[in-house]
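>>> turn this into a model:
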Amino acid sequence: MVAAKNGSILQVHHPEHGWLAFVLPPEHAAMLGVALVKQAGMCEYFAATLPPPTVSVN
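Okay, the predicted model is just below:
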């Protein structure tokens, strides 16, 4: 983890394996962030709290 100077660290808790750490390069961390924001928007859309998105999903 020390060698990941410019990476982003993502930690996920797995019920059987405990905390898992992943080091993501900046471009992959950005892609994950965009995907999570889009997913959150879709959840709100299907819960009928937001209008349909106007941005296309790649």
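
>>> OK, contacts around the closest residue to H14 other than its chain neighbours?
Leaving aside its sequence neighbours, H14 sits nearest to L20 (Cβ to Cβ, 6 or more residues apart in numbering; 5.7 Å). Where you see a C-beta, it was placed from the backbone N, CA and C, and this is true even at glycine. Neighbouring residues of L20 by Cβ atoms under 8 Å, 6 or more residues apart in numbering: 11-14.

>>> try it again with 10 Å
10-14 (Cβ atoms under 10 Å, 6 or more residues apart in numbering).

>>> W19 too?
Contacts of W19 by Cβ under 10 Å, 6+ apart are 11-13.

>>> assign I9 to helix, strand or coil.
State at I9, reduced to three classes by DSSP: H, G, I helix; E, B strand; the rest coil: strand.

>>> tell me how far Q39 lies from L32.
Taking Cβ to Cβ, to the nearest Å as the measure, Q39 falls 10 Å from L32.

>>> who's more crowded, these two?
Legend: neighbour count by other Cβ atoms under 10 Å for Q39 and L32, higher for L32 (14 against 11).

>>> so that one sits in a strand?
No. Applying three-state DSSP, one finds L32 to be helix, outside a strand.

>>> list the contacts for it?
8, 10, 22, 24.

>>> residue boundaries of the helices in the chain?
Ranges of helices in the chain, per DSSP state H, are 26-46.

>>> residue ranges with poor pLDDT in it?
1-4, 43-58 (pLDDT under 70).

>>> mind running it again at 80?
1-5, 40-58 (pLDDT under 80).

>>> coming back round to it: next, format the contacts of W19 as TSV and append distance to H28 and neighbour count.
Converted to TSV, the contacts of W19 look like this (distance: Cβ to Cβ, whole Å; neighbours: other Cβ atoms under 10 Å):
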residue	distance to H28	neighbour count
Q11	15	8
V12	15	9
H13	20	8
